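S.K.: Starting from these lines, generate the structure:
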Amino acid sequence: MARKCFNTDGAVTVGPYSHAVDAGDLIFLSGQTPIDPQTQKLSEGNIVEQTKQCFKNLFKVLEASGLTPENVEKVNVFLTNMDDFPAMNEVYAKQFAAPYPARTTIGVASLPLGAQIEIEMIARR
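M.R.: Numbers count the residues shown, from 1 in each chain. Alright, predicted model coming up:
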């Protein structure tokens, strides 16, 4: 069976992967770093700006998949500095309505292109 994928100009890939893969009822969204699709460069600014850009990219992928933030079931957040957790969390809280998706936040040593954050999601049709 051929893999059904979704890609959008509203997000950038920095490697050989699809923005999202359809697995029946579930859509697995690849991690998005805060790359501005217009400039193809990492978003300038602090963790607040980088978190906002990650969500802009992810929501474009959701849209290309025919879904909305209400379809998101699970989110994984990767931070290079756990001291950024409160500021990231403030932006995150504005992206979804209660009840919120399940979430894991993980501290990592580094991310592609020097990003401070990467976010991935799993959504359900």
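
S.K.: Every contact and neighbour count from this point should use C-alpha atoms.
M.R.: Will do.

S.K.: in this structure, which spans are helices?
M.R.: Per DSSP state H, the chain carries helices over the ranges 47-64, 85-93.

S.K.: any residues touching the first one, and which ones?
M.R.: Counting contacts by Cα atoms under 8 Å, 6 or more residues apart in numbering, the residues outside helix 47-64 that touch it are 6-8, 10-12, 19-20, 29, 32-36, 43-44, 68-69, 84, 87-88, 91-92, 95, 115-120.

S.K.: are any of the residues you listed buried, and which?
M.R.: Buried members of the contacts of helix 47-64, scored by 16 or more other Cα atoms under 10 Å, are 6-8, 10-12, 19-20, 29, 32-36, 43, 68-69, 88, 91-92, 115-120.

S.K.: all strands for the protein, in order.
M.R.: Secondary structure of the chain (DSSP state E): strands at 4-6, 20-23, 26-32, 35-36, 41-42, 72-79, 102-107, 117-124.

S.K.: Report the strands that pair with the second one, each with its relative direction.
M.R.: On the basis of DSSP bridges, the sheet neighbours of strand 20-23 come out as strand 4-6 (antiparallel), strand 26-32 (antiparallel).

S.K.: what do you get for the last one?
M.R.: Taking DSSP bridges as the criterion, strand 117-124 forms sheet pairs with strand 26-32 (antiparallel), strand 72-79 (antiparallel).

S.K.: Let me know which of those strands is tucked in deepest.
M.R.: Greatest average neighbour count among those goes to strand 26-32 (a mean of 22), per mean count of other Cα atoms under 10 Å.

S.K.: Go ahead and name everything in contact with that strand.
M.R.: Residues from elsewhere that reach strand 26-32 (Cα under 8 Å, 6+ apart): 11-12, 17-22, 54, 57-58, 61-62, 65, 118-125.

S.K.: Average pLDDT for it, rounded please.
M.R.: What strand 26-32 shows for mean pLDDT is 96.

S.K.: do the same with stretch 57-67
M.R.: So the average pLDDT for stretch 57-67 ends up being 95.
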